[in-house]
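Asks: Below is the sequence, then the predicted model.
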Amino acid sequence: MKKLLFIILALILIGFVWFSFYKNKNTVVVPTLTVTAEPDVSPLPSASPKTTASEKIVSYSDSGFSPSTLTIQKGEVITFKNIGSKMMWVASAMHPTHKVYPGSDITKCGTSLQAGTFDACKGYGLGESWEFQLNESGTWKYHDHL
């Protein structure tokens, strides 16, 4: 009887350790972009050309997107750069339709309606990047479609 109780307790302990370890491995961080309204700045006369804001880059590695959250101004371009060993296909939430960002829809990929959708519509490999101009204010979730 003691042997059976010991085996049951050992199995419970093994199950608890396994669950605790693997539960955290499957945690998914959903990256988000917050797009704020354009700043209210009146143009000043200047002889020098207008400078652009700092470059906005989100890196994609084997660990996912970094930074996982980013705040940008409406109209800014964001660059998604693949620095990982896997292909990346950036797309608006929700998987698999990609319809959360206004005007986006995976069914537009490969058509004349593809331009302006928050969907790369294909995979990008190591060293490649995809750019998108965010013209809608709000908080937008996105993901790697692959």
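Replies: Nice, thanks for sending it over.

Asks: Now do stretch 80-96: distance from first to last residue.
Replies: Using C-alpha to C-alpha, to the nearest Å, the end-to-end distance of stretch 80-96 comes to 19 Å.

Asks: same thing with stretch 112-125?
Replies: Its start and end residues considered, stretch 112-125 measures 24 Å (C-alpha to C-alpha).

Asks: Phe80: which element?
Replies: Per DSSP states H and E, Phe80 falls inside strand 77-82.

Asks: buried ones in stretch 121-138?
Replies: Of all the residues in stretch 121-138, those buried under the rule 16 or more other C-beta atoms under 10 Å are 121, 123-124, 129-130, 132, 134. Quick note: C-beta positions are derived from backbone N, CA and C, even for glycine.

Asks: Determine the set of other helices and strands touching the strand holding Phe80.
Replies: strand 56-61, strand 129-133 (3 or more C-beta pairs under 8 Å, 6 or more residues apart in numbering; DSSP states H and E).

Asks: Out of those strands, which gets nearest to Leu11?
Replies: Nearest to Leu11, of all the helices and strands packed on strand 77-82, is strand 56-61, at 37.5 Å by C-beta to C-beta.

Asks: by how many degrees do the closest one and strand 129-133 diverge?
Replies: Interaxial angle, strand 56-61 versus strand 129-133 (axes from the mean of the first three to the mean of the last three C-alpha atoms, to 10 degrees): 140 degrees.

Asks: So Ile72, which state does it fall into?
Replies: At Ile72, secondary structure determined by DSSP: H, G, I helix; E, B strand; the rest coil is strand.
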